[in-house]
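Peer 1: could you look at this predicted model? Sequence included:
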Amino acid sequence: MTDTAYDHFQLEDTRVTRRYFGKFEAIIGHLGRVAATLEAENRLSKRDVEVMTRYIVGLNYTFKALAHKYHFSGRFTHAGKLTFDRVESGFPVYSELLTMANDAAQASRHLQGMRSVEELKQDMVRVILNEQETPTKLQYALSQRLYYEELSKGELFWARNDPQAVWLGNKAQMRREFMVHWAVYDSQINLPTIYMMELEDTGKVGLPKDDRRWPEVQAHLMAQSLGGLKLLTIAKGFDEDFDDLHPKRLRRFHVGPMYSHAFTRQAGPLREVLEVARSPVGEDWALVWTQEELLSEATRTEKSGWFGTVERQTFALDPFAGRGAETGATKVERSIILPQRPYQALEERKPAGFDNVRKFVVSPSGSVLSYK
């Protein structure tokens, strides 16, 4: 455990570290199937799934790189130890991704000074046969070589994944429709968070080709990408700062937290469910998936300057029990993804608050079943 905080924990054993990354490899593999299930139910569009898949694949590459980096934790003095948030998210802490980004900027320099994978493997065989020893130092060198190779390939999920714009068509003359999507690894909650905004553009030049507005939009959205901000706050700020960009729909997807009786220390019913389930290695987990959505319900006209007018959006908030003001969203949908054994324990205990939570159950064969 670190000296700075109880909730940040270091994995010091090789086997435990590999089990941790093996668990996430399986979980991330299921996310694509969950997205496909949501598309089949018309809850996500084909374009939504394409965008979502891009970030899920990037997240997989990120965990693959970190798995190489820490492959020999506990077995080699300089191998380092992964720090993860075991109380709030179950994911690696934000600083791990910052360090990875810095390593990526220098990956080519590191690779130039390293022997190739084949040369390292040949030296390992020589040490085993001639010296009859375990080539630990060479194994560590190989793991670092693979780490930097993974970073040099790119396409990972970084701490900041800057906005990209996808043209959706023209609603009318001088009224283009775009989806702008971006993602962050939220530093406050140590979770991957994906954003999608659909907007109408009434500017003279299409947004991605506008050298004036596009950099401003990117900087604005990244500065507002905090889990503590409500969607209503983000959308209203955007609407007011850009007179010719009109946000019609804003969504935010929180991937996590991840619960595991063996690794995490969150409080609440899911922890108790996993404790009762006593699942075997590889099935001791549950992942929360939350989607927030904010919709524009009307457009109003406001004065701008002496003679001008601008469009402004009126956003629809959740009408039930006043929750819209609380959540700052039109609706919030929560789901959990978990293997069969924890799901059976969940159904047997039926803890309060889970009736309206969608359950995606992963079978041993890898297929995903959906339950309301």
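Peer 2: Sure thing, it's come through. Residues are numbered from 1 along each chain as shown.
Peer 1: I'd like to know how many residues surround residue 333.
Peer 2: By other C-beta atoms under 10 Å, 16 other residues sit near residue 333. In this view, the C-beta of every residue, glycine as well, is placed from N, C-alpha and C.
Peer 1: I'd say it and residue 358 touch.
Peer 2: Yes: assessed by C-beta atoms under 8 Å, residue 333 is found in contact with residue 358 at 6.9 Å.
Peer 1: what residues of stretch 148-155 count as buried?
Peer 2: 148-151 (16 or more other C-beta atoms under 10 Å).
Peer 1: kindly report the same for stretch 332-343.
Peer 2: For stretch 332-343, the neighbour count (16+ other C-beta under 10 Å) marks 332-333, 335-339, 341-343 as buried.
Peer 1: show only the entries of those residues found in helices.
Peer 2: Members of the buried residues of stretch 332-343 lying in helices (criterion: DSSP state H): 341-343.
Peer 1: and of those, the nearest to residue 36?
Peer 2: Proximity of those to residue 36 (C-beta to C-beta) peaks at residue 343, which lies at 19.2 Å.
Peer 1: still on that earlier bit, and the buried residues of stretch 148-155, which of them are in helices?
Peer 2: Among the buried residues of stretch 148-155, the members falling in helices are 148-151 (criterion: DSSP H).
Peer 1: could you dump the residues you listed into a markdown table with distance to residue 95 and pLDDT added?
Peer 2: Listed next are these as a markdown table, based on distance: C-beta to C-beta, whole Å; pLDDT from 0 to 100:
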| residue | distance to residue 95 | pLDDT |
| --- | --- | --- |
| 148 | 19 | 96 |
| 149 | 23 | 96 |
| 150 | 19 | 96 |
| 151 | 16 | 96 |
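Peer 1: for those residues, which one is nearest residue 279?
Peer 2: Set against residue 279, the nearest of those by C-beta to C-beta is residue 150 (29.8 Å).
Peer 1: what is the neighbour count of the residue lying closest to residue 233 once chain neighbours are set aside?
Peer 2: Using C-beta to C-beta, 6 or more residues apart in numbering and skipping the chain neighbours, the partner closest in space to residue 233 is residue 328 (6.3 Å). Applying other C-beta under 10 Å, we find 21 residues neighbouring residue 328.
Peer 1: got the contact list for residue 328?
Peer 2: By C-beta atoms under 8 Å, 6 or more residues apart in numbering, residue 328 lies in contact with 230-233, 294, 317.
Peer 1: fine by me, we can end here.
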